[in-house]
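Visitor: Need a 3D model of the following:
(one chain, ligands or ions: 2)
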Amino acid sequence: MPDRAQIEDWKAEWKAAGLAIRRAREARQDHGGRPADEVKRLREQAAETAAYCADCFTPLAPNQSVTLVSRVIEHVPAAYSGIDTFVPPHDIVRAVPICLTCWLSSMPNRSPSSLETRRLRCEGCGRPLRVESKPYRHLPLHQRCCCAACLLTSKRRHNYERRGVRDADEALLHRW
Ligand SMILES: [Zn+2]
Ligand SMILES: [Zn+2]
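Guide: Numbers count the residues shown, from 1 in each chain. Ligands and ions are numbered 1, 2, ... in the order given. You can find the predicted model right below:
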């Protein structure tokens, strides 16, 4: 006879398995029947280069406006790794660009919040960008760029500009 604790363990396992299946089914319905690994690949590409909208996966034109949102890239189920280390189930979330249509159609599902939509231009490629943030909050560089590639470009430019200024100051010092 299994004891009470054993039965509770099993129940928890069944629940977790049911949850994983339900989430996979919901994800498939949300993404037009695409399997989870394809959604993951497309969303990762969207986060890297903003070539696609991360919700409807239609290609984005270089000057098309986007909204930066957080999306689950992958749901990682609970697992034992290495020597008795239990890793609880978790979601891998990334900031991804979505198109205007997807942003507008996601509106009714969102809870009302104190966030407002800030409008700016991507510091990498200059496309119009919408970011949800508190109005008084300073936006860090990664929220001012539409994708990882643009973030890298603008980081390099910022570094170059900083170094350029410092070089000029040093040159002045040496002259005197
Ligand atoms: Zn879209
Ligand atoms: Zn960009």
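
Visitor: what separates stretch 102-120 from the chain centre, distance-wise?
Guide: Distance, stretch centre to chain centre, for stretch 102-120: 15 Å (Cα atoms, centre = their mean, to the nearest Å).

Visitor: ok, that stretch near ligand 2 or not?
Guide: No. Stretch 102-120 stays clear of ligand 2 (Cβ under 5 Å from the ion), getting no nearer than 11.0 Å. Glycine gets a C-beta too; all of them are placed from N, C-alpha and C.

Visitor: what's the answer for stretch 138-152, then?
Guide: Yes. Using Cβ under 5 Å from the ion, stretch 138-152 reaches ligand 2 at 146, 150.

Visitor: Secondary structure element holding the nearest residue to residue 113 once chain neighbours are set aside?
Guide: Nearest residue to residue 113, sequence neighbours excluded (Cβ to Cβ, 6 or more residues apart in numbering): residue 132, at 8.0 Å. Assigned by DSSP states H and E, residue 132 belongs to strand 128-133.

Visitor: Sheet partners, orientation included, of that strand?
Guide: strand 66-76 (parallel), strand 116-121 (antiparallel) (DSSP bridges).

Visitor: Specify the stretch among those strands that is closest to residue 2.
Guide: Closest to residue 2 of the strands paired with strand 128-133 is strand 66-76 (Cβ to Cβ; 28.6 Å).

Visitor: For the closest one, C-alpha coordinates in CSV please.
Guide: Taking Å, rounded to 0.1, in the frame of the first residue of the first chain, the C-alpha atoms of strand 66-76 are listed here in CSV:
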residue,chain,number,x,y,z
VAL,A,66,6.5,47.6,-33.5
THR,A,67,5.6,47.3,-29.9
LEU,A,68,8.0,45.7,-27.4
VAL,A,69,6.3,43.1,-25.3
SER,A,70,7.3,40.1,-23.1
ARG,A,71,6.4,36.7,-24.5
VAL,A,72,7.1,33.2,-23.3
ILE,A,73,9.7,31.6,-25.6
GLU,A,74,9.6,28.2,-24.0
HIS,A,75,8.0,26.5,-21.1
VAL,A,76,10.6,24.3,-19.3
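
Visitor: Many thanks, we can stop here.
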